[in-house]
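Visitor: Fold the following for me, if possible:
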Amino acid sequence: AIKQLASELFGDKKAIIEFNLSQFHSIQELHEAFHQVRDASVRGRVPLVCWDEFDTAFDGQPLGWLKEFLAPMQDAEFSAGSVTHPFV
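Guide: Presented below is the predicted three-dimensional model:
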């Protein structure tokens with residue numbers, strides 16, 4: 001339903017991107033995913049991102065990925081190393 005709604009709203013300008021966090025093993029992999037989202041935005045497409053298995057533990061912590069999403073959700077940017085990348 002969400003994908004159909006995105007098609008109706010954004011047509012060809014949408015970019016549906018799906019990731020499964022249970023397959024990620026490092027912050028670097030998450031940053032690579034963030035770059036894919038950013039690339040879609042830079043190309044003028046509206047990214048609709050589905051994060052499957054969001055409740056997966058990371059680094060031995062239940063919901064361990066959650067802290068990595070807080071700044072990107074609030075500030076629309078993420079930091080990889082010493083560089084900050086805006087999503088838009």
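Visitor: can you give me the helices for this protein?
Guide: 2-10, 27-42, 66-75 (DSSP state H).
Visitor: Could you say which of those helices is packed most deeply?
Guide: Using mean count of other Cβ atoms under 10 Å, the stretch among the helices of the chain with the largest mean neighbour count is helix 27-42, at a mean of 16. (Glycine included, C-beta is placed from N, CA and C.)
Visitor: helices and strands around that one, which ones?
Guide: On a contact count with 3 or more Cβ pairs under 8 Å, 6 or more residues apart in numbering; DSSP states H and E, helix 27-42 meets strand 14-20, strand 46-52, helix 66-75, strand 77-80, strand 83-86.
Visitor: how close does Ser26 get to Glu32?
Guide: According to Cβ to Cβ, to the nearest Å, Ser26 stands 9 Å off from Glu32.
Visitor: try Phe24
Guide: Using Cβ to Cβ, Phe24 is found at 9 Å from Glu32.
Visitor: picking up where we left off before, any chance of the helices of the chain in CSV, plus mean pLDDT and distance to Trp51?
Guide: As requested, the helices of the chain are exported to CSV (pLDDT from 0 to 100; distance: least, Cβ to Cβ, whole Å):
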stretch, mean pLDDT, distance to Trp51
helix 2-10, 89, 13
helix 27-42, 96, 9
helix 66-75, 93, 8
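Visitor: Quick one, which of the helices and strands packed on helix 27-42 gets closest to Phe58.
Guide: When the helices and strands packed on helix 27-42 are compared by Cβ to Cβ, helix 66-75 sits nearest Phe58, at 7.8 Å.
Visitor: Can you tell me what sits against the closest one?
Guide: Contact with helix 66-75 is made by Ile27, Leu30, Phe34, Trp51, Phe54, Phe58, Glu77, Phe78, Ser79, Phe87, as judged by Cβ atoms under 8 Å, 6 or more residues apart in numbering.
Visitor: what's the angle from that helix to strand 46-52?
Guide: 160 degrees (axes from the mean of the first three to the mean of the last three Cα atoms, to 10 degrees).
Visitor: Tell me who's in contact with the most centrally placed residue in the chain.
Guide: Closest to where the C-alpha atoms of the chain average out (Cα atoms, centre = their mean) is Phe34, at 4.8 Å. For Phe34, the contact set (Cβ under 8 Å, 6+ apart) comprises Pro72, Phe78, Ala80, His85, Phe87.
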